[in-house]
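A.B. asks: got a structure for you, letters missing:
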């Protein structure tokens, strides 16, 4: 029995000794690095053109899982491009300031490239919407998208300046390759759309080259427009003429007894209108102002807002609002300003003592003095433009024909045979029509030659 006991004891001791040896071996393995490392190395370098200032270049040691801030700083004339190498845990490889998470031994490099500045501008009439206007920095060789957008009544002409690497200088949408410091400009030009305007005893025409012609009564010099250039709209009043230039400024000639030609300081104007002895302006922000005779408060329009079209009659002013309603100021003797309930209006035209409105459905409405039936427009349909003379109303139909009613002593309403008309204007006692080929026709009173437009060609 004693012998057996000693034998068992020897067996247990042997097993215990083996266990102690295994524990010792495991401890040795831990000591020799068999488990995950207690730190990792981060090697940082950079290309020419800059350096890494945080945590500086070289090799650094960090604890596992640590988030390390990275800051790359380009030299003058260079820009940061990206990080390369073991970038799997870098938060943003394209950001000069970012972080890296230390889950292993990593080697990374900050890449820099030569940088050039691109200065972008534009002339009046549009803007560069891509990349925008101002100064931008790009790496050498970058292909930059260029997109120029013209404003209404303007068109893109070309790119000028340092355009050697612009793919197509005459295309509003093109590209440029950054091989140097460049300054470019997008050039825009006004679109001169021919038009006619009729005053009390004179007629004015805008040509497609931005110049102006006029015939008729000229006692006050209202037809002295021969030197005008760069005009985008004309308006003929009682005895004065007004022109809107492409840069938003305004010129005027003719009778200035009431200050109706005092427009020299006007800027940022988008539309003009001329009444018998007053002139109205519409600004790009939808506000309105007027100068000239104000006997009936026809110039009291400074409180108007959200206006998209202005029109001036004999002694009253009308403004079309963006919601299709109408505002009015001035003489109300004959109800010519009873427009408060109008809706769905797309164009207004005030005459001597009446006002005509074109509705969005092509029908027409009118209020005011109706002694000659100038307001009897209820039956008109398919109208695309209206005009109002002193005592007559004119409507341009969609097919290019014209209708007119009202006072016709001088034949100013004899327009039934007109065809291919694109715009109409009504003066004191005459009516003018612009044809699609740029020629002009006129009927009505011609005492002063205001209808002598047969030789005009506004689209040379």
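C.D. replies: Yes, it's here. Computed from a prediction, not measured in an experiment: that's the story for all the values here.
A.B. asks: On the pLDDT front, check the residue nearest in space to the middle of the chain for me.
C.D. replies: By CA atoms, centre = their mean, the chain has its centre lying nearest to residue 151, at 5.0 Å. Residue 151 is assigned a pLDDT of 90 by the prediction.
A.B. asks: close enough to count as contact, it and residue 123?
C.D. replies: No. Taking CB atoms under 8 Å as the definition, residue 151 is not a contact partner of residue 123, at 10.9 Å. To be clear about C-beta, it is placed using only N, CA and C from the backbone, and glycine gets the same treatment.
A.B. asks: what residues are shared contacts of the two?
C.D. replies: residue 188 (CB atoms under 8 Å, 6 or more residues apart in numbering).
A.B. asks: hmm, back to that, quick one: contacts for the residue nearest to the centre of the chain?
C.D. replies: 125-127, 188.
A.B. asks: again with residue 263
C.D. replies: Each residue near residue 263 by CB under 8 Å, 6+ apart is listed here: 242, 250-252, 279, 281, 291.
A.B. asks: Backbone dihedrals for it, both of them.
C.D. replies: phi -120, psi 10 (degrees, to the nearest 10).
A.B. asks: Tell me the spacing between it and residue 425.
C.D. replies: Relative to residue 425, residue 263 is positioned 20 Å away (CB to CB, to the nearest Å).
A.B. asks: Run through the stretch 1-150 of the chain and note the low-pLDDT ranges.
C.D. replies: 1-36 (pLDDT under 70).
A.B. asks: At which residues are the strands of it located?
C.D. replies: Taking DSSP state E, counting those that start in this stretch, the strands of the stretch 1-150 of the chain run over residues 40-46, 50-54, 58-62, 67-74, 78-85, 97-101, 106-122, 126-130, 134-139, 143-150.
A.B. asks: Including distance to residue 315 and mean neighbour count, could the ones you listed go into CSV?
C.D. replies: CSV is the format used below for the strands of the stretch 1-150 of the chain (distance: least, CB to CB, whole Å; neighbours: other CB atoms under 10 Å):
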stretch, distance to residue 315, mean neighbour count
strand 40-46, 78, 18
strand 50-54, 73, 17
strand 58-62, 85, 13
strand 67-74, 69, 17
strand 78-85, 65, 19
strand 97-101, 68, 17
strand 106-122, 42, 19
strand 126-130, 39, 17
strand 134-139, 49, 15
strand 143-150, 38, 17
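A.B. asks: can you put the ones you listed in JSON lines and add distance to residue 160?
C.D. replies: Shown next, in JSON lines, are these (distance: least, CB to CB, whole Å):
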{"stretch": "strand 40-46", "distance to residue 160": "39"}
{"stretch": "strand 50-54", "distance to residue 160": "34"}
{"stretch": "strand 58-62", "distance to residue 160": "49"}
{"stretch": "strand 67-74", "distance to residue 160": "31"}
{"stretch": "strand 78-85", "distance to residue 160": "26"}
{"stretch": "strand 97-101", "distance to residue 160": "38"}
{"stretch": "strand 106-122", "distance to residue 160": "10"}
{"stretch": "strand 126-130", "distance to residue 160": "12"}
{"stretch": "strand 134-139", "distance to residue 160": "17"}
{"stretch": "strand 143-150", "distance to residue 160": "12"}
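A.B. asks: Is it correct that residue 438 is in contact with residue 194?
C.D. replies: Yes. Residue 438 is in contact with residue 194 according to CB under 8 Å; the separation is 5.6 Å.
A.B. asks: who's more crowded, the two?
C.D. replies: residue 194 (23 against 16; other CB atoms under 10 Å).
A.B. asks: ok, now how distant is the more buried one from residue 310?
C.D. replies: 21 Å.
A.B. asks: Likewise for residue 132?
C.D. replies: Applying CB to CB, the value for residue 132 to residue 310 is 33 Å.
A.B. asks: partner residues bridging residue 51?
C.D. replies: Applying DSSP bridges to residue 51 gives these bridge partners: residue 73.
A.B. asks: Quick one: residues contacting it.
C.D. replies: Applying CB under 8 Å, 6+ apart, the residues contacting residue 51 are 57, 72-73, 75, 110.
A.B. asks: Closest one of those to residue 103?
C.D. replies: Using CB to CB, residue 110 comes nearest to residue 103 of those, at 20.1 Å.
A.B. asks: which residues touch that closest one?
C.D. replies: 44-47, 50-52, 70, 72, 80, 83, 96.
A.B. asks: Tell me the one of these nearest residue 206?
C.D. replies: Nearest to residue 206 among the contacts of residue 110, with distances taken as CB to CB, is residue 80, at 54.4 Å.
A.B. asks: What's opposite that closest one in the beta bridge?
C.D. replies: With DSSP bridges as the rule, residue 80 is bridged to residue 112.
A.B. asks: That one reaches residue 109, doesn't it?
C.D. replies: No. Residue 80 is beyond contact range of residue 109, at 11.7 Å (criterion: CB under 8 Å).
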